[in-house]
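*Asks:* sequence plus the predicted model coming up.
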Amino acid sequence: MARFRSSLLRRASAVAWVVLIIIGSQAVRSPQEDNTQLFTQPEFFVPMAGLAGLLILSTAIRWDRVMRTQAAPWAATGWLLAMIGGVTALAVIPELNTTAEPILFGIAAVSGLLLVWWAHAFVTVIIGMAITFIAFTLGEANVIGDVLAPIVVVLVVAATTALVGFEFEKEAMTSFGKEAKLEEQRLDFERLYAVSATLARAESLAEIVPHLVGTICKYLDAQVGVVLLNDAELQRLEVMSPIWVNGYPLETDPISVEINAPSVVAQTYRAAKPIYVKRVDEDTDSHVLLKDLGLKQALVAPLKVEAMRVGVIVVGDPYNGDFTEDQLEQLGSLAAPAGLVLSQIGRYEAQAEMNQRLEEVAQMKTDFVSTVSHELRSPLTSIIGSLDTVNRPELAPPEPTSQQLLISARRQAGRLQRLIEDLLVVSRIDRGAIPVHPETVPIQDMFDEVNRVVSIEPTMTVEPANLAVRADRDHFARILINLVENAAKYAPDSTVELYAWQKNNRAMIAVVDHGPGIPDDKRESIFDRFTQLDQSDTRSKGGTGLGLSIVKSLTEVMHGSVRVEATEGGGATFVIELPAEVSIPVQA
């Protein structure tokens, strides 16, 4: 508003110069009865000289500074009264009356925009008196036409401009308030952005804390900054080293504050509200940590994420003067994003530490499984060899029951051997060390091998008959055996079918059963390790839950994929997709 009033005064002064020039030119053209020029008469050039001097002075004055002071209404009122006096002196000259009198109306209008209400009312009264003085000085007898009518016009003009000025000032104050609020919000956003940008650069608490505290201390003009984080296990607040002192991070010894202590830091954490310590009292127990840090003043704010409390931030000893309540509020607003990010980084570090421990445990488990599997492999190989030897025709026992027992023992030993091989494969998959030796593998040959190994005789169809895949023979055999045995176990009363066909440059192999099938919501999870559809069913039928996981892993390392679909009429169909090899001739 001061800027507008100073600008209005400058413009009014410029208009006044133009009016004086007009009045001067009129005086030159208005000779007196004694043939003398009007501008040579004292009653003309004295007020003209006064007005000219006033305008020269007005041009030299720094109105933008004057209108910001307490004397602004008095200075503006004095300027207008001087103008009124000079114009009134000119208006009593008959030749200039019609030119000078409207100027008084303009002054009344300007005062409504320039002055406060009481000064405007005073100037309006003075203008009315000047109009009356001019009328009686000129000897006018028409009181209504020459006195009351101009005064009414002045009052109307003054009242109108006063209302306009009042509304303008109100809008200006509102705009100023909004501008100040926007500027404050801009500064807040700038601080929040700086803090957020600082937080976004770090990946660990040790890296983030000094930058965070340094940024906040910079905006609050503080010399010292400290962050304390909650240790939930020990029920205390731990000072994060380094702390911030005079623009530099400073390593410090371990310092902690009990959460239930009377310390102002603990109180801030418990109450979750900022506290302003205007003077650190060395004899007060609640200021223990602040005394240890050597502070004289401090702002303490909680670090929290909604209802969860993370810790406390302390800034102390401003460079200039004392802290303010606004700075305490700013610290509270800056602590909000800081608490969120510190909490997330803390969780991330805790999770990373837990993941590292889990990886170590998983590695120990893998090493254990691999070692035990290797140790079991050697004696099992001897057992299988012994059973195969005893089962030779010349050494087989003559009794049918004994022969069946040998055959059953050999079959179960084979199952145990495959289980051990599965465990070895899993350990290699975990280590990422599973070997792959791709070669051209005829699918019909693999179907025949599966038929010899498993205890059932699946139906087999390959179209074209010479279709082959580019795969590791051992891995491919293990995939098919696992799927066929799995189908025989869960669909014992149905036939198992093997199909193979070519689709573009891919070979599609399907293992189909007609059992109870797999629910839709379990079709993705069944490939997870140790996953069983029905634990009670598994206990009765056996199984480790590794078969389908191995199938998926081995298929993927051979650049293929596997999926499960519902069999028409009931059951499950496992479809394997592998790279198709160039057709090979069928052996006669």
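*Replies:* Cool, got the structure.

*Asks:* quick one: the helices in the stretch 351-500 of the chain, in order.
*Replies:* 400-431, 443-453, 473-490 (DSSP state H, counting those that start in this stretch).

*Asks:* mean pLDDT lowest for which of the ones you listed?
*Replies:* If you rank the helices of the stretch 351-500 of the chain by mean pLDDT, helix 400-431 sits at the bottom with a mean of 79.

*Asks:* specify the beta-bridge partners of Ala468.
*Replies:* Note on Ala468: beta-bridge partners by DSSP bridges are Pro442, Glu581.

*Asks:* neighbours of it, just the number please.
*Replies:* 24 (other CB atoms under 10 Å). Where C-beta positions appear, they are placed from N, C-alpha and C, glycine not excepted.

*Asks:* if I read this right, it contacts Ile443, doesn't it?
*Replies:* Yes - with contact defined as CB atoms under 8 Å, Ala468 counts as touching Ile443 (6.3 Å).

*Asks:* between those two, what contacts are shared?
*Replies:* Ala507 (CB atoms under 8 Å, 6 or more residues apart in numbering).

*Asks:* one step back: okay if I get the helices of the stretch 351-500 of the chain as TSV plus mean neighbour count and distance to Val557?
*Replies:* Formatted as TSV, these follow (neighbours: other CB atoms under 10 Å; distance: least, CB to CB, whole Å):
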stretch	mean neighbour count	distance to Val557
helix 400-431	15	8
helix 443-453	17	17
helix 473-490	21	7
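
*Asks:* export those to TSV and tack on distance to Leu234?
*Replies:* Converted to TSV, those look like this (distance: least, CB to CB, whole Å):
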stretch	distance to Leu234
helix 400-431	36
helix 443-453	60
helix 473-490	51
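
*Asks:* between those helices, which gets nearest to Thr371?
*Replies:* helix 400-431 (9.0 Å; CB to CB).

*Asks:* okay, angle between the closest one and helix 443-453 too, please.
*Replies:* 130 degrees (axes from the mean of the first three to the mean of the last three CA atoms, to 10 degrees).

*Asks:* which other helices and strands does helix 400-431 contact?
*Replies:* helix 325-390, helix 473-490, helix 547-557 (3 or more CB pairs under 8 Å, 6 or more residues apart in numbering; DSSP states H and E).

*Asks:* now with 10 Å, please.
*Replies:* Judged by 3 or more CB pairs under 10 Å, 6 or more residues apart in numbering; DSSP states H and E, helix 400-431 is in contact with helix 325-390, helix 443-453, helix 473-490, helix 547-557.

*Asks:* which elements pack onto the longest one?
*Replies:* Where contact means 3+ CB pairs under 10 Å, 6+ apart, helix 325-390 is packed against helix 149-200, helix 205-220, strand 222-231, strand 275-277, strand 298-305, strand 308-318, helix 400-431.

*Asks:* can we see that at 8 Å?
*Replies:* Short answer (3+ CB pairs under 8 Å, 6+ apart): helix 325-390 packs on helix 149-200, helix 205-220, strand 222-231, strand 298-305, strand 308-318, helix 400-431.

*Asks:* with the last one instead?
*Replies:* The contact analysis (3+ CB pairs under 8 Å, 6+ apart) places helix 547-557 against helix 400-431, helix 473-490, strand 561-566, strand 572-581.

*Asks:* remind me which residues of the stretch 301-450 of the chain are low pLDDT?
*Replies:* Along the stretch 301-450 of the chain, the model assigns pLDDT under 70 to residues 340-341, 343-352, 362, 366, 369-370, 373.

*Asks:* if you set the cut-off to 90 instead, what comes out?
*Replies:* Within the stretch 301-450 of the chain, the ranges that satisfy pLDDT under 90 run 302-313, 315, 319-321, 324-437, 449-450.

*Asks:* can I get the helices and strands packed on helix 400-431 in a markdown table with distance to Val310?
*Replies:* Output for those, formatted as a markdown table (distance: least, CB to CB, whole Å):
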| stretch | distance to Val310 |
| --- | --- |
| helix 325-390 | 5 |
| helix 443-453 | 60 |
| helix 473-490 | 50 |
| helix 547-557 | 40 |
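
*Asks:* what's the closest of the ones you listed to Ser427?
*Replies:* Closest of the helices and strands packed on helix 400-431 to Ser427 is helix 325-390, at 4.0 Å (criterion: CB to CB).

*Asks:* quick one: contacts for Leu380?
*Replies:* Ala413, Leu416, Gln417, Ile420.

*Asks:* between those residues, which sits nearest Ala477?
*Replies:* Nearest member of the contacts of Leu380 to Ala477, counting by CB to CB, is Gln417, at 13.3 Å.

*Asks:* ok, and the closest non-adjacent residue to the closest one?
*Replies:* Leu380 (5.7 Å; CB to CB, 6 or more residues apart in numbering).

*Asks:* distance check, the one you found against Pro435.
*Replies:* The gap separating Leu380 from Pro435 is 21 Å, by CB to CB, to the nearest Å.

*Asks:* which residue ranges make up each domain of this protein?
*Replies:* Under the assignment automatic domain parsing, the domains of the chain span 2-177, 210-348, 435-581.

*Asks:* got TSV for these, with distance to Ile384 too?
*Replies:* Formatted as TSV, the domains of the chain follow (distance: least, CB to CB, whole Å):
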stretch	distance to Ile384
domain 2-177	92
domain 210-348	51
domain 435-581	13
